[in-house]
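>>> Here you go, sequence then predicted model.
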Amino acid sequence: MTRKHFKAIARIVDNNSLMDDKYVVKNSLVSDLCDYFECINDRFDRDLFVSACNDVDLNSIFKKMNNDRIDKLKHP
């Protein structure tokens, strides 16, 4: 991916963020990302991407990220 792609994705995330910039509206974000990915890749599989997004367990990801940070603080 190029800088152009990352800028477009960042703009999509920003457009789907709530006022305090801490929360993102997931369904809207996924839909907008799919629209963009379809524009740049004619073989993009929207259904597969949406399914993958719905299979992600965000709570376990955030818990792991938090545990990794704590481990780094304990063991510099």
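Sure, I can see it. Residues are numbered from 1 along each chain as shown.
>>> so how many other residues sit close to residue 12?
21 (other C-beta atoms under 10 Å). C-beta here means a position set from N, CA and C on the backbone, and glycine is covered the same way.
>>> err, residue 33, not the other one
Count around residue 33 with other C-beta under 10 Å applied: 19.
>>> Per-residue confidence, residue 39, what does it come out as?
pLDDT recorded at residue 39 is 94.
>>> For residue 18, see how far away it is.
25 Å (C-beta to C-beta, to the nearest Å).
>>> Ok, residue 5 next?
Counting by C-beta to C-beta - residue 5 and residue 18 are separated by 24 Å.
>>> go on, residue 55?
24 Å.
>>> What of residue 31?
Distance from residue 31 to residue 18, by C-beta to C-beta: 16 Å.
>>> Let me see the mean pLDDT of stretch 46-66.
71.
>>> hang on, the earlier thing: pick out whichever of residue 5 and residue 18 has more residues nearby.
residue 5 (12 against 9).
>>> which residues sit in contact with the more buried one?
If you count contacts by C-beta atoms under 8 Å, 6 or more residues apart in numbering, residue 5 has them with residue 40.
>>> Residue 16 now?
So, once contact is read as C-beta under 8 Å, 6+ apart, residue 16 ends up touching 24, 25, 28, 29, 32.
>>> Need the buried ones from those residues selected in PyMOL.
Applying 16 or more other C-beta atoms under 10 Å to these, the buried members can be selected in PyMOL as follows:
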select buried, resi 29+32
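>>> Now secondary structure and distance to residue 48 too, for the contacts of residue 16, in TSV please.
Compiled in TSV, the contacts of residue 16 are given as follows (DSSP: H, G, I helix; E, B strand; the rest coil; distance: C-beta to C-beta, whole Å):
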residue	secondary structure	distance to residue 48
24	strand	21
25	coil	21
28	helix	19
29	helix	17
32	helix	17
